[in-house]
Structure formats: structure tokens, C-alpha cells
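okay, here's the prediction I keep looking at, along with the sequence it came from:
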Amino acid sequence: MTDQLADHIVSLRREEALAEVHRQLDGGVDPLAVLEECRQGMTRVGGLFQEGEYYLSELLISAELFKEAAAILEPHLARLRRAEPLGKVVLATMQGDIHDLGKNILMTLLQVSGFEVHDLGVNVAPEDLVEQVRRIGPDIVGFSSLLTTSFQSSKRAVELLCEAGLRDQLKLIVGGGVTTPAFKDYIQADFQTLDAAEGVAYCVEVLGASA
Ligand code: B12
């Protein structure tokens with residue numbers, strides 16, 4: 001496989017990128033491999049953004065493009081999926097924070113990996129998080145955090161999960177630009193990463209072990 005699809009994503013060539021997705025699928029390329037190339041393209045966009053080469057607008061356009069490519073891939077990936085989901089994951093950006101690009105990438109990767117994902121959205125109050133966890137009964141809860149102001153609401157949510165007796169029944173993962181191992185320890189999460197693919201690998205490992 002060439003890097004043509006990733007190149008189109010990095011260059012924000014929408015028509016060419018989507019045509020390339022179709023071309024690869026028609027040519028019998030594994031849809032998971034196509035998705036992985038899209039993810040690699042996004043990672044490269046992220047790198048260019050960090051280097052100051054790309055602006056916010058480029059980041060937002062590429063995120064839209066990733067979403068469109070994932071929508072084309074979805075029916076093909078659905079056929080590969082097990083009848084039973086691998087497990088349930090609840091995702092949220094906690095109160096005080098409205099960033100969701102990274103969370104949405106993680107959600108797509110988890111869905112195509114066979115997880116049932118419940119996205120609670122952004123600016124989620126700790127009380128709402130707990131209520132949804134009680135209702136859904138997830139195996140894993142993931143917080144996406146891009147603003148230090150959401151640290152307190154994340155911490156509070158964990159305290160409420162503990163008080164409700166729900167914390168021991170799930171794994172808590174955190175990710176997003178401002179998270180660090182220290183933040184993970186602060187809110188007593190189980191896992192932290194700055195890479196959505198690593199987050200998916202952790203979820204597979206955790207649920208694979210208990211399957
Ligand atoms: C895009 C962006 C915005 C967009 C958000 C659009 C959207 N729909 O998300 C807009 C313009 C709305 C915005 C607003 C603001 N922003 Co802003 N924003 C950014 C920016 C430029 C990029 C973030 C991003 O999307 N990165 C790309 C994604 C793909 O990366 P990611 O989120 O890290 O996700 C990856 C991994 O971390 C991982 N991941 C993410 N979440 C999770 C979760 C789990 C569980 C796992 C396993 C993995 C995982 O998966 C992804 C792919 O691998 C950053 C700067 C930066 N360099 O990060 C500032 C930044 C986050 N913003 C910042 C600020 C201050 C704000 C504002 C307060 C600005 C203002 N003064 O109004 C507001 C926030 C309002 C609010 N209440 O939230 C600061 C935060 C500072 C801080 N330490 O708290 C930053 C760091 C900029 C800066 N250097 O000052 N922002």
C-alpha cells in the first residue's frame with residue numbers, strides 16, 4: 001500500500017481522499033488498513049499543527065475529512081465486527097471543556113474495533129456522568145481532557161463514582177492534550193495516553209483479558 005490516502009488527508013484534498021478510500025475498498029484492501037491510513041494522515045496533520053505549520057482551520061477540515069472517510073468505511077467495517085460487542089465504553093469531555101476532536105477520533109477507532117460506544121458529548125457535569133454510567137453499565141469510561149479547567153470536574157466525577165459504588169466495576173482511561181501521568185494519578189484513573197490508538201489497544205487488552 002502507498003501513503004497516497006494519508007497524503008491526500010494531510011494536503012486536505014477532500015475529493016481525492018474520499019475517491020482513494022473508495023478505490024482501495026473496490027480493490028479489496030482491508031477496511032481496517034484503510035482506516036489505519038486515515039489515522040496516520042490525521043497524526044501527521046496533528047504533527048504539522050504542533051510545529052506551527054498548520055492552523056486551526058486545517059485541523060478542523062482534516063477532522064471533518066476523517067469523519068467522512070470513516071462514514072464510507074463504516075458499513076464495510078460493520079461486516080467484520082463480531083455479533084456481540086467487545087464491551088461498552090462511555091466517553092465524555094468533562095464540565096468546563098468543549099474540545100471534542102480527539103474524543104471523536106477515539107470514538108471512531110473504538111467503534112470499528114468492535115466496542116459499543118456511548119458518547120456523552122462535551123461539558124458533561126459530574127452528576128450527569130455518574131447517572132449515565134449507572135444507566136449504561138460500561139466496562140470502560142474515558143475522559144478526553146484538553147483544558148486544565150476540566151481537571152476539577154473530572155476529579156469530582158471520580159469521587160461521585162466511588163460514592164455510588166461504581167468505580168470498582170470499570171476501568172477509567174484519560175487522554176487529550178493536557179493529560180499527563182500526574183493527572184492520571186490525581187484523579188486515580190487506570191490509564192493515560194496522548195494517542196487514541198494506544199487507548200484502543202488498552203481497551204482491547206483489558207476486555208480481552210476478561211473475555
Ligand atoms: C482545536 C482547539 C480548539 C477548538 C476546539 C474544537 C473542537 N470541536 O474540539 C476551539 C476553537 C473551539 C477551542 C476553544 C478553546 N480553547 Co482550544 N485548542 C484547540 C487546539 C488548537 C487543538 C486541540 C485539538 O483538537 N487537537 C487535535 C486532537 C486530535 O488532539 P487531542 O485532543 O490531543 O486528541 C488525541 C489524543 O490526545 C487522544 N485522545 C484525546 N482524547 C482522548 C481520550 C481518551 C480516553 C484517550 C484514550 C485518548 C484521547 O486521541 C487523539 C488522537 O490521537 C489546542 C492546542 C493544542 N496544541 O492542543 C487548543 C487548546 C486545547 N485550547 C485552549 C484554550 C485555552 C481554549 C479556550 C479556553 C480559548 C478561549 N480563550 O476561548 C476555548 C475553550 C472553551 C472551552 N470551555 O472548552 C488551550 C488549553 C490550555 C490549558 N492548558 O488548559 C490549548 C492547549 C491552546 C493553548 N496552547 O493555549 N480550542
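Cool, the structure landed. Numbers count the residues shown, from 1 in each chain.

any regions of this structure where pLDDT drops low?
1, 82, 209-211 (pLDDT under 70).

tell me the residues of it that contact the ligand?
Proximity of the chain to the ligand is confined to 46, 56, 59, 96-103, 105-106, 142, 144, 146-148, 173-178, 193-196, 199 under the rule CB under 6 Å from any ligand atom. C-beta coordinates here come from the backbone N, C-alpha and C atoms, glycine included.

which of these fall in strands?
Among these, DSSP state E puts 142, 144, 173, 174, 175, 193 in strands.

grab the nearest non-local neighbour of the fifth one.
So that's residue 175. In space, and not counting its chain neighbours, residue 175 is closest to residue 193: 5.1 Å by CB to CB, 6 or more residues apart in numbering.

how close does that neighbour get to residue 110?
If you measure residue 193 against residue 110 using CB to CB, to the nearest Å, the figure is 13 Å.

who touches both of these two?
The contact sets of residue 193 and residue 110 overlap at residue 199 (CB atoms under 8 Å, 6 or more residues apart in numbering).

so which of the ones in strands among the residues of the chain next to the ligand is the closest to the ligand?
residue 175 (2.3 Å; CB to the nearest ligand atom).

tell me the contacts of that closest one?
102, 106, 142, 143, 144, 145, 192, 193, 194, 195, 196, 199.

in helices, which of the residues of the chain next to the ligand fall?
In this view, the residues of the chain next to the ligand that belong to helices under DSSP state H are 46, 56, 59, 101, 102, 103, 105, 106, 196, 199.

now the helices for the protein?
Applying DSSP H to the chain gives helices spanning 4-10, 14-26, 31-50, 56-80, 101-112, 126-136, 150-163, 181-186, 196-210.

closest to residue 118 out of those?
Each of the helices of the chain was scored for nearness to residue 118 using CB to CB, and the closest is helix 126-136 (5.3 Å).

name the helices or strands packed onto the closest one?
Helices and strands in packing contact with helix 126-136 are listed as strand 88-92, helix 150-163; criterion 3 or more CB pairs under 8 Å, 6 or more residues apart in numbering; DSSP states H and E.

which among the ones you listed is found nearest to residue 135?
Residue 135 sits nearest to strand 88-92 of all the helices and strands packed on helix 126-136, at 9.7 Å, using CB to CB.
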